[in-house]
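Novice: let's see this in three dimensions:
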Amino acid sequence: MKLLILGGTIFVGLHLVEAALARGHEITLFNRGKHNAELFPEVEKLRGDRGGDLASLEGRRWDAVIDTTAYIPRAARATAALLADAVDHYTLISSISVYADRAEVGATENSALETMEDETVEEVTGETYGPLKVLCERAVEETMPGRTLVVRPGLIVGPHDPTDRFTYWPYRVAEDNEVLAPGNPEQPVQVIDVRDLAEWNIRLVEAQQTGIYHATGPERLLPMRELLETCRRVSSSVSEFTWVSEEFLLANNIAPFSDLPLWVPEAMKLFGTVDCSKAIAAGLTYRPLEETIRDTLAWANTRPESHEWKACLTRERERELLALWRER
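Specialist: Residues are numbered from 1 along each chain as shown. The predicted structure is shown next:
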C-alpha cells in the first residue's frame, strides 16, 4: 500500500513508520521537518504545516492516511477535505480523554463524550484536549463518512516516549532505594506498548477497517502494585515501596499524571478500566509487560544524564514527602 503519515518522526508516528516499512508498504511523511528530520532517509518527505500550509499534499494519491497530529478541529477538517479524493481510508489517532465521565468504570466506545461550550476555542490545555479531540473525530468523519477509522489510545508507553509518563517508573525503581508509591496499590492502571499499537493499527489500515476502537491494555486489569513489582523484578532491584494515600498526595499538591506518572485519583477510574474488548476482537495483542519495561529502561539508559524529565518527582521532593508521611 501507499501510505501517507501525518507526522511520523516522534514516538507514535515513528513506530507507525517502522511497522509499515516492516510490512512492505510505501511511505510518504508530511510534517514541518522540525523534529528528527534525519530519520527514515528511504521514505518520501513532504513539508508543510497543519495550521494552513497543505500545498505539498495537493495533486497526489495514496491508498490511506494515518493522522497522528490532529489537535485542532479546523485543521483536521481542512486536511480531511483536501485528502477526501486523494485517499480511500483515513485513520485518526484520538484519545480516551474524549469521555465526559472520568469516574466511569469500563467505558466503551459508546460512552458519553466531552463537550465544549465554545467550539471555536483552539488553545490546547488539560481542559480542552479531550473536547478538541472529540471535534477532530467529528470533523474527519463528517468529511469522509464511512471511510474513517478512529483509534482512541490510553497511555502509550515504550522506547522513545518523550513524555516520561511511564519511563519514570522503570528508571526510578531500578535505583535500589525507597520509592514513594502512589495511592491504592490495587487501583488498576492501563498502558499500551507503542509497538503493539503501531503494528495493530497498520493491520487495520490494510483491512480498511472503519469505526471507533479503544487501544489500551493489557487485556486484564493491572494493579499499580503489580506494575511496580514487575519493574523491580525486571531490573533486579532491591527497592522498597512506601505506599502513600491519595488524600496525602492531593493535600500536598501532587499533580496526577505529571508529578507522579500513572497515578490518578479514585475519581478518575476511567483511565485504568477502559473496555478494550472490541479492539481485542479486532486483533489487538499485547507483548509481555516485562518486555515493555526492559526495553523502556534500556532506551532510557541511553539518554544523557542531563536529560530533563518531563514527568516525575524530583528526588528531593520525594524525600520530603516520605518524611512528611512518616511524621503524620
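Novice: just the element for the nearest residue to Pro261 once chain neighbours are set aside, please.
Specialist: Distances taken as CB to CB, 6 or more residues apart in numbering put Arg165 closest to Pro261, at 4.2 Å, once the chain neighbours are dropped. For every residue, glycine as well, the C-beta is placed using N, CA and C. According to DSSP states H and E, Arg165 maps onto no helix or strand at all.
Novice: next one: Arg165, what pLDDT does it get?
Specialist: Arg165 carries a pLDDT value of 92.
Novice: count of residues packed around it?
Specialist: By the criterion of other CB atoms under 10 Å, Arg165 has 20 neighbours.
Novice: who touches it in this structure?
Specialist: Leu155, Val157, Phe257, Ser258, Pro261, Leu262, Lys310, Ala311 (CB atoms under 8 Å, 6 or more residues apart in numbering).
Novice: helices or strands up against the helix or strand where Val151 lies?
Specialist: Assigned by DSSP H and E, Val151 belongs to strand 148-153. If contacts are counted by 3 or more CB pairs under 8 Å, 6 or more residues apart in numbering; DSSP states H and E, strand 148-153 sits against strand 89-93, helix 129-143, helix 194-206, strand 211-215.
Novice: just give the closest residue to Thr9, not the sequence neighbours.
Specialist: Per CB to CB, 6+ apart, closest to Thr9 is Asn36, 4.0 Å.
Novice: picking up where we left off before, so which of the helices and strands packed on strand 148-153 comes closest to Glu229?
Specialist: helix 194-206 (21.5 Å; CB to CB).
Novice: what mean pLDDT does the closest one get?
Specialist: 98.
Novice: now stretch 217-234
Specialist: On average, stretch 217-234 scores 96.
Novice: how about it: buried residues?
Specialist: Neighbour counts over stretch 217-234 (16 or more other CB atoms under 10 Å) mark Gly217, Pro218, Leu222, Met224, Arg225, Leu227, Leu228, Thr230, Cys231, Arg232, Val234 as buried.
Novice: burial measure for Thr115, as a count.
Specialist: Residues near Thr115, counting by other CB under 10 Å: 11.
Novice: ok, now how distant is the nearest residue to it once chain neighbours are set aside from Glu290?
Specialist: Of all residues not flanking Thr115 in the chain, Pro131 sits nearest, at 6.1 Å (CB to CB, 6+ apart). Distance of Pro131 to Glu290, computed by CB to CB, to the nearest Å: 37 Å.
Novice: so for those two, which residue has more residues nearby?
Specialist: Pro131 (21 against 12).
Novice: what about the host helix or strand of Lys45, distance to the chain center?
Specialist: Assigned by DSSP H and E, Lys45 falls within strand 44-47. Put simply, strand 44-47 sits 24 Å off its chain's centre (CA atoms, centre = their mean, to the nearest Å).
Novice: could I get the average pLDDT for it?
Specialist: Mean predicted confidence for strand 44-47 is 97.
Novice: residues in contact with it: which ones?
Specialist: Taking CB under 8 Å, 6+ apart as the rule, strand 44-47 contacts Ile27, Thr28, Leu29, Phe30, Asn31, Arg32, Gly33, Ala37, Ser56, Leu57.
Novice: how far away is the residue nearest to the second one when sequence neighbours are not counted from Leu29?
Specialist: Closest residue in space to Thr28, ignoring its immediate chain neighbours: Glu44 at 4.4 Å, by CB to CB, 6+ apart. Glu44 sits 7 Å away from Leu29, going by CB to CB.
Novice: tell me the contacts of the residue in the chain sticking out farthest from the centre?
Specialist: Taking CA atoms, centre = their mean, the residue of the chain most remote from its mean C-alpha position is Glu327, at 37.4 Å. By CB under 8 Å, 6+ apart, no residues touch Glu327.
Novice: now Thr69
Specialist: Contacts of Thr69 (CB under 8 Å, 6+ apart): Leu6, Gly7, Gly13, Asn31, Arg50.
Novice: make it 10 Å
Specialist: Contacts for Thr69 (CB atoms under 10 Å, 6 or more residues apart in numbering) come out as 5-8, 10, 12-13, 30-32, 50, 75-76, 79, 93.
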